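> The following block contains a protein sequence and its predicted model.
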Amino acid sequence: MSITLRKARKIISTALAKGQELGMKPLSVVVVDAGGHTIAFERQDGAAVGRYALAHGKANACVMMGLPGSAIHARAETQAYFVQAMNGIYGGDFVPVKGGVLVQDAKGNTLGAVGVTGDTSDNDALAAIAGIEAAGLVPNA
């Protein structure tokens, strides 16, 4: 199973709607496959132009490590040298904060990840979770 373009679009549209519902700042959302390749991306009007790199870095970190953004963030707080090394290995495309959420199937297989940026990292994660669930997939935040 993989994340189809249709499901990626559903994840994005729902994540953006969740952000509007909760009064979040303009969001940017990327959906990547298990190799970190972009399936789909959208940036809301008013979102900073550099948000793609942040969203992709959050999602990429998750798939490269096989961990949710919250776990990577916790590791960054205790082992900054490790995260610095990962950032070097992945060419700077490794953002160790919440808002990166693994996308899994019902059996726990990782299909890819979602990266959301624009509001607080906790709110970014909430938007990602809403999108993933709306697409009938399982979030691992």
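All right, it came through fine.

> secondary structure element for the residue of the chain most remote from its centre?
Of all residues in the chain, residue 81 has its C-alpha farthest from the mean position, at 22.5 Å, by CA atoms, centre = their mean. In the assignment (DSSP states H and E), residue 81 maps to helix 80-89.

> mind exporting whichever helix or strand comes after that helix as CSV, just the C-alpha atoms?
Next along the chain after helix 80-89, taking DSSP H and E as the criterion, comes strand 100-104. Below are the C-alpha coordinates for strand 100-104, written out as CSV (Å, rounded to 0.1, in the frame of the first residue of the first chain):
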residue,chain,number,x,y,z
GLY,A,100,6.2,15.9,11.3
VAL,A,101,3.9,12.9,11.5
LEU,A,102,4.4,9.4,10.2
VAL,A,103,1.6,8.0,8.0
GLN,A,104,1.0,4.3,8.7
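
> Identify the bridge partners of the residue positioned nearest the centre of the chain.
In the chain, the residue lying closest to the centroid (CA atoms, centre = their mean) is residue 115, at 1.8 Å. Residue 115 has the following beta-bridge partners by DSSP bridges: residue 30, residue 100.

> Can we start the residue count at 34 from this point?
Will do, 34 is the new start, and the previous item becomes residue 148.

> mind checking pLDDT for it?
pLDDT for residue 148: 98.

> Contacts only, for it.
62-63, 65, 87-93, 95, 128, 132-134, 161 (CB atoms under 8 Å, 6 or more residues apart in numbering). (Glycine included, C-beta is placed from N, CA and C.)
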